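Trainee: Sequence and predicted structure are below.
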Amino acid sequence: MDKKPVKINVEGKIDYENAAAFKESILQKIAGQDDVQVELDMAGVSFISSAGLRALLQINNSVQKLTLTSVNPDIYEIFQITGLTELISVRKEYRTISVEGCKLIGEGFNGKIYKIDPEKVVKVYKDPSALDEILHEREMARLAMILGVPTAISYEVVRAGDSYGAVFELLDAKTFSSILAESPEQTDWCVREYTDLLKKVHGTVVPEGRLPSANKLVRKWIRGIQDCLPRDSFEKLDRMIEAVPERGTMLHGDCHTNNVVLAGDEVLLIDMDTLAVGHPIFEMAQMYGTFVGFGESNPDVIQGFLGISASAAGEFWKRSLRRYLDTDEDRVSAVEQKIRCVAYTRLIDWSRRHRDPDDAASRTERELWIRELTELIDEVDSLDFDVSG
């Protein structure tokens with residue numbers, strides 16, 4: 001387990017007159033500690049000279065990790081211009097806003113969305129320590145947009161009460177879930193736009209090292225269910241997952257109809273924090289879980305999450321897979337079997353980590369998934385398939 005960083009508040013100016021003393025005072029506070037991580041709260045620092053920058057670099061060379069937090073925007077700009085941000089982890093001080101009296105227009109698992117003016121909304125995260133998550137999602141969205149995937153990028157990160165938020169343009173947008181619920185006659189259009197977007201994402205080559213490997217994530221799923229399957233079934237599944245070829249093309253990681261929206265006449269993909277690279281089967285396994293798997297024991301789960309019936313979600317899944325593969329029904333059925341193998345692997349591991357093992361409903365649900373997976377493993381010999389049809 002990583003050690004907690006030593007937190008030190010810094011105030012005033014750091015210039016040629018006091019830079020050496022500043023450095024020594026920091027090093028004295030951590031003297032005798034091995035592999036120490038230091039977090040300097042710079043909220044009270046009003047000025048820093050080149051001598052102060054050199055002092056920070058010397059501190060950085062003396063510790064395992066140095067992090068600077070609450071750096072005011074002017075000083076942060078100096079850090080960027082001089083390249084310090086490439087050597088030291090720096091978090092700038094964010095503008096503070098209030099959502100008191102603002103209209104609440106949406107709420108999800110991670111946060112609440114407020115309308116803060118006629119043109120902007122803010123998503124305030126429920127977890128006060130979500131800053132890293134917000135910055136990660138912004139970076140993922142920026143990368144996706146640069147690579148040509150249509151998405152929304154937040155204007156800025158702000159402080160809101162005790163937490164953080166991301167400010168977005170107020171889009172006149174509707175999720176595909178709401179379109180399917182309100183206008184089922186548009187299902188054909190939704191299937192077409194959804195699969196076209198999915199193919200665009202899966203055809204996007206990502207520069208090496210920019211996104212995590214989905215293959216490695218799925219390796220964690222398989223380790224998590226080892227005790228749930230007969231030994232021979234587990235070993236066969238393990239070999240098949242290991243044999244899925246690595247790919248350098250993008251996956252969204254959570255591509256369901258709540259995360260695809262129509263804004264004006266443009267279809268956008270949102271919630272980009274789960275981006276990865278890998279074989280499309282890993283994306284489709286998560287899609288199957290959302291549209292079908294989670295509702296197999298209790299269809300109300302699908303209705304509650306997507307806002308459409310389990311039967312409508314299942315039909316949307318079937319039609320989307322058929323159009324994505326653009327092939328005959330026998331091949332669609334064969335590919336779906338492969339997808340379900342990975343999907344149940346994920347669902348069983350998810351249940352193991354998030355559900356009460358003694359809860360009767362959860363146990364019934366998990367037992368169903370284990371039965372389905374065990375039967376599928378006997379019928380499937382490879383999880384790879386030709387995406388081009």
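Mentor: Received, thanks.
Trainee: The longest helix along the chain: what's the following helix or strand?
Mentor: Determined from DSSP state H, the single longest helix within the chain is helix 329-354. Using DSSP states H and E, the helix or strand that follows helix 329-354 in sequence is helix 360-379.
Trainee: Could you check how far that following helix is from the centre of its chain?
Mentor: 27 Å (CA atoms, centre = their mean, to the nearest Å).
Trainee: How about stretch 107-124?
Mentor: 18 Å.
Trainee: Return the set of buried residues in that stretch.
Mentor: 110-116, 121-124 (16 or more other CB atoms under 10 Å). Placement of C-beta: from N, CA and C, glycine included.
Trainee: Please work out the average pLDDT along the longest strand along the chain.
Mentor: As assigned by DSSP state E, the longest strand anywhere in the chain is strand 37-48. Average pLDDT, strand 37-48: 92.
Trainee: next one: stretch 130-150
Mentor: On average, stretch 130-150 scores 89.
Trainee: export it as CSV, just CAs?
Mentor: Only the C-alpha atoms of stretch 130-150 are listed here, as CSV (Å, rounded to 0.1, in the frame of the first residue of the first chain):
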residue,chain,number,x,y,z
ALA,A,130,-13.0,13.2,-7.6
LEU,A,131,-10.6,15.8,-9.1
ASP,A,132,-8.3,13.1,-10.7
GLU,A,133,-11.3,11.4,-12.2
ILE,A,134,-12.6,14.7,-13.7
LEU,A,135,-9.2,15.6,-15.1
HIS,A,136,-8.8,12.1,-16.5
GLU,A,137,-12.2,12.3,-18.2
ARG,A,138,-11.4,15.7,-19.7
GLU,A,139,-8.1,14.3,-21.1
MET,A,140,-9.9,11.3,-22.6
ALA,A,141,-12.6,13.5,-24.2
ARG,A,142,-9.9,15.8,-25.6
LEU,A,143,-8.0,12.8,-27.1
ALA,A,144,-11.2,11.4,-28.6
MET,A,145,-12.1,14.7,-30.2
ILE,A,146,-8.6,15.1,-31.7
LEU,A,147,-8.9,11.6,-33.2
GLY,A,148,-12.2,12.5,-34.8
VAL,A,149,-14.7,11.0,-32.4
PRO,A,150,-17.6,13.4,-31.8
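Trainee: which other residues reach it?
Mentor: Identification of contacts with stretch 130-150 by CB atoms under 8 Å, 6 or more residues apart in numbering yields 91, 110-111, 125, 127, 151-154, 157, 163-166, 197, 200-201, 204-206, 210-211, 250, 266-269, 271-273, 275.
Trainee: Check which residues of that stretch are buried.
Mentor: 130-131, 133-134, 137-138, 140-141, 143-144, 149.
Trainee: the bottom helix or strand of this protein by mean pLDDT?
Mentor: Lowest mean confidence among the helices and strands of the chain (mean pLDDT, DSSP states H and E): strand 103-107, at a mean of 75.
Trainee: Could you check the angle the helix or strand following it makes with strand 103-107?
Mentor: Sequence-wise, the next helix or strand downstream of strand 103-107 (DSSP H and E) is strand 111-117. Calculated by axes from the mean of the first three to the mean of the last three CA atoms, to 10 degrees, strand 111-117 forms an angle of 150 degrees with strand 103-107.
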